[in-house]
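1. below is the sequence, then the predicted model.
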Amino acid sequence: MNNGHETKPKSRNAKFIPFFLILLFAVSIGLVIRHYYTKQQVIPHQGGLEVYFSKVNGTNSDSSLEQILVLKLAMASEKIDAALYHLDSKQVTDALIKAHNKGVNVQVMTENDNAEKPDIQRLLREGISVRDDEDNDGYMHHKFFVVDRRYVWTGSYNTTIKSAHEDDNNVVWIDSEALAANFTQEFREMFELRQFDKSANPHNPYPQVTLNDGTLISTYFSPENDTISPLLNEINSAEKFIYFMAFSFTHDKLGEAMRECYNSGINVQGIFDEFQNVKYSEYEPMKEIGMNVKIDETSGKMHHKVIIIDEETVITGSYNFSRNAEMRNSENLLIIKHNKDIVSAYLNEFNRLK
């Protein structure tokens, strides 16, 4: 009996709708959470590594470091951060201005002693943001570029005509968003936060970066990072040989570690620049015990800051082997492992100079 009122029974589909909506909502929440955590865990692009040496006396490369750098800077579409101890190159300055004029955000950090140089003043007149380290106790000694937050250019090469065409220098160009993040943080600490001493953040976003080909790169910045301990660890790990090319080598601990390796039977050889054969140089103490070390007397500076260990490890960057580099200057140091081609390239440069 329905008392004249007919009640339509609920269909099975109608009963299912609330459950379906709840399930859909739960799945949506799950996808959002999954997307968030996946996004946080994405590994930045890890591409390849290229190495270049100065074209001195017609050797090593088809183009000068200056020309190669200009081509690399032309790749920029969004951003260039440049930390340059010295800029005295019309080609590089023109490349930075050209990038700026096409809408790339160009920022330049330089050493106070070189802030009045003509090329730096040209950048300022073109509206490019340039800052220096003012009265900081040490040097802003970097020579690096970060392009589009993905590519890093660094090494011993100052962006000057002489450094590109007369001096012996090396540069690495690395395609890695993770490594770029390390250098971007270092640049920001100097350019925006005005931090040039141990007060800077000692924690790099990616202390170790592994490229797609297995190359392992450890990144250090002085003075905020401990640079001497990893250097000593690498030296003390040598089993066959240690070869070095040093513009300036005055650090007693590093020199002592190499002499101990030599005394234990490790083949230790080195090349010093002639202008750095000074009172505190490690050259004489090494020579006195019979180590195979020499003074480079060719024209131009032997400006490398390189250590090669056991066909396995290359150490390079802006970092001279000195207490000032460790404690006072703004410097970068890369320890590169598991790349036989890179080791071979540096060995060829060492053999060319020895």
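-> It's in. Numbers count the residues shown, from 1 in each chain.
2. buried sites along stretch 249-256?
-> Neighbour-count burial for stretch 249-256 flags 249-251, 254-255 (criterion: 16 or more other C-beta atoms under 10 Å). The way it works is simple: take the backbone N, C-alpha and C, and place the C-beta from them, glycine included.
3. should've said stretch 111-130
-> Buried residues in stretch 111-130, defined by neighbour count with 16+ other C-beta under 10 Å: 111, 114-115, 117, 119-120, 122-123, 128, 130.
4. quick one: mean pLDDT for that stretch?
-> Mean pLDDT, computed over stretch 111-130, is 98.
5. nearest to Y346 among the buried residues of stretch 111-130?
-> E111 (26.8 Å; C-beta to C-beta).
6. give the full set of residues in contact with the nearest residue to that closest one once chain neighbours are set aside.
-> Residue nearest to E111 in three dimensions, not counting chain neighbours: M140, with 4.4 Å by C-beta to C-beta, 6 or more residues apart in numbering. Applying C-beta atoms under 8 Å, 6 or more residues apart in numbering, we find M140 in contact with 83, 85, 109-112, 132-133, 190, 196, 329-330.
7. so what's M140 bridging to?
-> M140 has these beta-bridge partners by DSSP bridges: S330.
8. pLDDT value on it, please?
-> pLDDT at M140 comes out at 98.
9. same question, K162
-> With respect to pLDDT, K162 has a value of 94.
10. over to H45?
-> The confidence metric pLDDT takes the value 88 at H45.
11. what about the residue lying closest to it once chain neighbours are set aside, how many residues nearby?
-> Distances taken as C-beta to C-beta, 6+ apart place E177 nearest to H45, at 4.7 Å, with adjacent residues excluded. Neighbours of E177 under the rule other C-beta atoms under 10 Å: 20.
12. now E234: which helix or strand?
-> helix 228-236 (DSSP states H and E).
13. show the subsequent helix or strand relative to that helix.
-> Of the helices and strands lying after helix 228-236 in sequence (DSSP H and E), the nearest is strand 241-246.
14. what's the spacing between the next helix or strand after that next one and its chain's center?
-> Using DSSP H and E, the helix or strand that follows strand 241-246 in sequence is helix 252-263. Here helix 252-263 is found 26 Å from its chain centre; the criterion is C-alpha atoms, centre = their mean, to the nearest Å.
15. ok, now stretch 114-129?
-> For stretch 114-129, the distance to the chain centre is 24 Å (C-alpha atoms, centre = their mean).
16. what of stretch 145-160?
-> 7 Å.
17. could you dump the buried residues of stretch 249-256 to JSON lines with distance to V268 and pLDDT?
-> Formatted as JSON lines, the buried residues of stretch 249-256 follow (distance: C-beta to C-beta, whole Å; pLDDT from 0 to 100):
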{"residue": "F249", "distance to V268": "12", "pLDDT": "97"}
{"residue": "T250", "distance to V268": "17", "pLDDT": "96"}
{"residue": "H251", "distance to V268": "15", "pLDDT": "97"}
{"residue": "L254", "distance to V268": "12", "pLDDT": "98"}
{"residue": "G255", "distance to V268": "11", "pLDDT": "98"}
